[in-house]
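Undergrad: with the sequence up front, the predicted model follows.
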Amino acid sequence: MMLKHGLAAFAVAGMGGLLVAGTTPLGAQAVAKRTDPAMMAAIAAPERSAANRARDKYRHPAQTLAFFGVTPGQTVVEFQPGGGWYTEILAPMLSARGHYIGLTGQKGQEGLTKLLAGGGTRYKGATAAALDVAAGTSTVPDGSVDTVLTFRNVHNLIMQGGQAAPNAFKAFHRMLKPGGTLGVVDHRLPEGMDSAAEMKSGYLKRSTIVKLAQDAGFRLAGESKVNANPRDTHAWPDGVWTLPPTLRLGDTDRARYVAIGESDRMTLRFVKAK
């Protein structure tokens, strides 16, 4: 399939199966074959917190990581791991044959070090790295990484303003090997809505992320609807933080927001040209 005007063929993943560009829909058994046993073991591990497990129905870790092509032998960078929701899966999964690298700004290094130390032997081999968004540089060696993942972080870069977002994407591009993957999940703002919302709501337009990636030298290779939520109308009093898990409005309309669930998210896979 030919690409035109920056748009790529769709790869759609859902509860009923996975549709990859140029193929017919795959059934549940075929989807399962795309997930590595080490990944499934990490997701099912009893060490995962109950709070994190409760969010699997919104974050779909097995389908998402399979879509991004993550395997246990890779070197994987996770940008801004935060509280470690995906770290709890990725670090154990990569501990035997791969390498997990958590990447934060300089101010986040202390928290990241504590996060990785808290995983004990389950996080064996996991390391921390720093990103300077002002300079667009990182401590990750150029051309050394198979996959870079960022989950619900690009909107923070956008809200920083300036060159934070472009510089971060350029740094991702440099650290990846030729043919490496950049996987992005973020809150989706419909293209017809006011772009000004990107600076305060936590939602981003697909076109904004695609342009950032393409300007940095990436090619859009596919996208998935696995993390989409059609119940999300994208226009809330306190932006995306109105919805779970933050529920910033407290008890105000709490039952309504809990029923909607977590935000509508886009899942985009980019590739560094060989």
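TA: Nice, I can see it.
Undergrad: pLDDT score for N153?
TA: Among the per-residue scores, N153 shows a pLDDT of 97.
Undergrad: what's the burial count for the closest residue to it other than its chain neighbours?
TA: Nearest residue to N153, sequence neighbours excluded (CB to CB, 6 or more residues apart in numbering): Q80, at 4.5 Å. Every residue, glycine included, has its C-beta placed from N, CA and C. Neighbourhood size, Q80 [other CB atoms under 10 Å]: 19.
Undergrad: measure P72 to F79 for me?
TA: Per CB to CB, to the nearest Å, P72 is found 20 Å from F79.
Undergrad: higher neighbour count, those two?
TA: Using other CB under 10 Å as the criterion, P72 and F79 rank with F79 on top: 25 against 19.
Undergrad: mind listing what the residue nearest to N153 touches?
TA: By CB atoms under 8 Å, 6 or more residues apart in numbering, the residues touching Q80 are L103, T104, G108, T150, N153, N156.
Undergrad: ranking by neighbours, what's the top pick from those?
TA: L103 (27 neighbours).
Undergrad: would you agree it is in contact with L131?
TA: Yes. With contact defined as CB atoms under 8 Å, L103 counts as touching L131 (5.4 Å).
Undergrad: what do the two both touch?
TA: Contacts common to L103 and L131, judged by CB under 8 Å, 6+ apart, are F79, S138.
Undergrad: and A129, bridged to which residues?
TA: L103 (DSSP bridges).
Undergrad: the longest strand in the protein is where?
TA: Counting residues, the longest strand found in the chain (DSSP state E) is strand 176-189.
Undergrad: which strands and helices sit next to the helix or strand following that strand?
TA: As assigned by DSSP states H and E, the chain's next helix or strand after strand 176-189 is strand 204-205. With contacts taken as 3 or more CB pairs under 8 Å, 6 or more residues apart in numbering; DSSP states H and E, strand 204-205 sits against helix 154-160, strand 176-189.
Undergrad: how close does A235 sit to D253?
TA: With CB to CB as the criterion, A235 and D253 are 14 Å apart.
Undergrad: try G143
TA: G143 is 49 Å from D253, by CB to CB.
Undergrad: so where's the protein shaky on pLDDT?
TA: Low-confidence regions of the chain, defined by pLDDT under 70, span residues 1-34.
Undergrad: again, only this time at 90
TA: 1-36, 273-274 (pLDDT under 90).
Undergrad: quick one: the helices in it, in order.
TA: 28-33, 37-44, 50-53, 56-59, 61-68, 87-94, 109-118, 154-160, 164-175, 206-215, 254-260 (DSSP state H).
Undergrad: quick check: angle from the fifth one to helix 87-94?
TA: Think helix 61-68. Using axes from the mean of the first three to the mean of the last three CA atoms, to 10 degrees, the inter-axis angle of helix 61-68 relative to helix 87-94 is 60 degrees.
Undergrad: figure out how far helix 61-68 is from the centre of its chain.
TA: Relative to its chain's centre, helix 61-68 lies at 10 Å (CA atoms, centre = their mean, to the nearest Å).
Undergrad: what packs against that helix?
TA: Counting by 3+ CB pairs under 8 Å, 6+ apart, the packing neighbours recorded for helix 61-68 are strand 12-14, strand 17-19, helix 37-44, helix 87-94, strand 176-189, strand 218-224, strand 265-272.
Undergrad: please redo it, this time with the cut-off set to 7 Å
TA: The helices and strands touching helix 61-68, judged by 3 or more CB pairs under 7 Å, 6 or more residues apart in numbering; DSSP states H and E, are helix 37-44, strand 176-189, strand 265-272.
Undergrad: residues near A117, how many?
TA: 11.
Undergrad: which residues does the residue nearest the centre of the chain contact?
TA: Nearest to the mean C-alpha position of the chain, by CA atoms, centre = their mean, lies F151 at 2.8 Å. Shown in contact with F151 (CB atoms under 7 Å, 6 or more residues apart in numbering): Y86, V185.
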